[in-house]
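Novice: I'd like to go over a predicted model; first the sequence, then the structure.
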Amino acid sequence: MDKPDKVERTTQVVINGQIPEKLGKKVKLYKTEEFKGLNVNDIIQKAKELQNSPKS
Amino acid sequence: MIYKDIYVPWSVIKTRISSTFDNFTYIEYPDKYEIYVVDKIFCFICILSKTELPGISTQPDLEDFEQNYKGKGNLFQIYGMKNASYSPLREWQSVGVVYEVQPPEPGETFKQNIFDTRISEDLVGRDGCVELVGGQYYIKDPSVIDERDIVEFSVVDKDDVLGLFRYYDLTVGTDVLELAKFVRTHSVIGGTLVKIEPGQAKILPLGLYLRVSYICYGTTPFKFKVDYFIPR
């Protein structure tokens, strides 16, 4: 089943029953170059390793 | 809900397995099976040895299980298999949450209802993590569901628990990092328990969120009950 059209108004979204003041960004980590193909357990492990490394 | 554990022989636990096998889970080890059957507040547990024990013939029970039940239950993990994470030392628990789904506003076609449940201190084990191994959802009245309704289940970081927000220029408070989506564009089913299969046990640290996204096209609000199975 296809997803609906992109949400354009905040009134179309409620988070835990509340309309958010604004819609923030969402990054799908499992689709990023660094984490693509990893399962969530490996993602968390790799994130721990990255925490102490400088931003490239 | 914390279940009350009751250890029983195979001849007893098999009578507690539902006709649809949906309350029946097992773990396979090299030398034994651990079998769990949930019935109301009770968790019946049976240990079936793969080897003969002194003075006890386990072969008939073992054959009955392997031939008639094994393939029909939920297998948590095979002990020793790569990525196996389930520890038998963890305590089984089912965490139930009841959400209220809101319909779209007048003039709009749908409403995305996001429900976030934080992995809190109450849920994690001694290692600071929980293992999400599955769950189920339930909507009592199927007539409230529009045929276009979809639901998704994911794990997200909202509070920079993983320390990755700086890599993606995200801001705590508004932005979200989605780690995994284990149920995607699922067409909603009502009137029955529906299983959630995360695919593998997910070891999740304190502070992440279990997210449900329900996209509603209907016209009336309704209760949406979710149970997460998270031995901790």
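Specialist: Structure's in. What do you need? Residues are numbered from 1 along each chain as shown, chains lettered A, B, ... in the order given.

Novice: Tell me the confidence at B:Val144?
Specialist: Per-residue pLDDT puts B:Val144 at 96.

Novice: so who does it touch?
Specialist: Under the criterion of CB atoms under 8 Å, 6 or more residues apart in numbering or on different chains, the contact list for B:Val144 reads B:190, B:218, B:220, B:222. From N, CA and C alone the C-beta is placed, and that goes for glycine too.

Novice: Distance check, the closest residue to the last one other than its chain neighbours against chain A.
Specialist: The shortest distance from B:Phe222 to any non-neighbouring residue, by CB to CB, 6 or more residues apart in numbering or on different chains, is to B:Val144 (4.2 Å). Between B:Val144 and chain A the distance, using CB to the nearest CB, to the nearest Å, works out to 17 Å.

Novice: May I see the buried residues of the helix or strand hosting B:Tyr33?
Specialist: Using DSSP states H and E, B:Tyr33 maps to strand B:32-39. With burial defined by 16 or more other CB atoms under 10 Å in any protein chain shown, the residues of strand B:32-39 counted as buried are B:32-38.

Novice: Check which helices and strands that strand sits against.
Specialist: Packing partners of strand B:32-39 (3 or more CB pairs under 8 Å, 6 or more residues apart in numbering or on different chains; DSSP states H and E): helix B:10-13, strand B:24-28, strand B:42-49.

Novice: Show me the one of these that comes nearest B:Val226.
Specialist: strand B:24-28 (17.9 Å; CB to CB).

Novice: Packing partners of that closest one?
Specialist: Other elements packing on strand B:24-28 under the criterion 3+ CB pairs under 8 Å, 6+ apart are strand B:32-39, strand B:74-78.

Novice: Go through the ones you listed and find the least confident stretch.
Specialist: Ranked by mean pLDDT, these end with strand B:74-78 at the bottom, a mean of 59.

Novice: quick one: strands adjacent to the helix or strand following that one?
Specialist: On the C-terminal side of strand B:74-78, the closest following helix or strand by DSSP H and E is strand B:94-101. Strand B:94-101 has the following sheet partners, assigned by DSSP bridges: strand B:222-229 (antiparallel).

Novice: Chain A against chain B: which residues are in contact?
Specialist: In this structure, chain A approaches chain B at residues A:1-4, A:7, A:9, A:11-17, A:20, A:22-30, A:32, A:34, A:39-41, A:43-44, A:47-48, A:50-51, A:55, judged by CB under 8 Å from any CB of the partner chain.

Novice: Strands - which of those residues land there?
Specialist: When strands are assigned by DSSP state E, the members of the residues of chain A next to chain B inside them are A:13-15, A:26-28.

Novice: And the buried ones among those residues, selectable in ChimeraX?
Specialist: This is how ChimeraX selects the buried members of those, with burial counted by 16+ other CB under 10 Å:
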select /A:13,14,15,27,28
